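**Student:** dropping a prediction and its sequence here:
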Amino acid sequence: MGRKSTKVKKNIYQTSREEMDYSREAAAEKLGFISADRIEKIENERTLPHPEEVLAMADCYRSPSLCNYFCSHECPIGKEYVPEIKVKELSQITLEMLATLNKLAHEKERLIEITVDGELSPNEMPDFLTIKEELGKMALAIDSLNLWLDQAIASGKIERDPTAGSPDM
């Protein structure tokens, strides 16, 4: 086993690897196609990882959030279009989703009024933008729920398909 890093500011790739208690050499062996030297360069931010490397690290380190991090922080297209998803507890995700659903329930009628004619007039724009913002919050809550589920599956807390192997009813 290699020596432990004493670096104070570690990036997400290094912290994810260390959470699995893998040395760079052990990680390279498990990953198969990424050398310990390349892992060191990625962790010290001397090079960016390739998407396929991030996918492999996310799987090997049981950290699906690495994929969202890469897309939202390092990919030129993703930085523009992919929001960062924070890892949250299921209860917080659920409450955020329900709060947004409640707000959208009130705004549903206004959205129908705005869009029924197929046009968006200048006086409708502020309400439309408010509704769009709430829909964005809902999309983020759904993405958070999906990340929570992926993380729970990766860590072994829940099974990917809990019905697999059970008899049909």
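**Tutor:** Nice, thanks for sending it over.
**Student:** stretch 27-41: end-to-end distance?
**Tutor:** Stretch 27-41 has its terminal residues 14 Å apart, counting by C-alpha to C-alpha, to the nearest Å.
**Student:** quick one: residues contacting residue 66.
**Tutor:** Counting by C-beta atoms under 8 Å, 6 or more residues apart in numbering, residue 66 touches 12-13, 16, 54, 57-58. All C-beta atoms are positioned from the backbone trio N, CA, C, and that covers glycine.
**Student:** same deal with residue 149?
**Tutor:** For residue 149, the contacting residues are residue 158, by C-beta under 8 Å, 6+ apart.
**Student:** now the strand or helix carrying it: buried residues?
**Tutor:** According to DSSP states H and E, residue 149 maps onto helix 125-154. By neighbour count on 16 or more other C-beta atoms under 10 Å, the buried set for helix 125-154 is 128, 131, 134, 138, 140-141, 143-145, 147-151, 154.
**Student:** of all these, which comes closest to residue 37?
**Tutor:** Nearest to residue 37 among the buried residues of helix 125-154, counting by C-beta to C-beta, is residue 154 at 26.2 Å.
**Student:** now do the SS call for the residue nearest to the spatial centre of the chain.
**Tutor:** Taking C-alpha atoms, centre = their mean, the centroid of the chain lies closest to residue 68, which sits 3.9 Å from it. Of the three states, residue 68 takes helix under DSSP: H, G, I helix; E, B strand; the rest coil.
**Student:** check the burial of the closest residue to it other than its chain neighbours by counting its neighbours.
**Tutor:** Among residues not flanking residue 68 along the chain, residue 85 sits closest, at 4.8 Å (C-beta to C-beta, 6 or more residues apart in numbering). By the measure other C-beta atoms under 10 Å, the count of residues near residue 85 is 22.
**Student:** quick one: residue 85 and residue 67 touch, right?
**Tutor:** No. Look at residue 85 against residue 67 with C-beta atoms under 8 Å: they stay out of range, at 9.8 Å.
**Student:** tell me which helix or strand residue 46 sits in.
**Tutor:** For residue 46, there is no enclosing helix or strand under DSSP H and E.
**Student:** just read off the phi/psi values of the residue in the chain sticking out farthest from the centre.
**Tutor:** Largest separation from the mean C-alpha position in the chain: residue 117, at 37.0 Å (C-alpha atoms, centre = their mean). Main-chain torsions, residue 117, degrees, to the nearest 10: phi -90, psi 0.
**Student:** with that, I have no additional questions.
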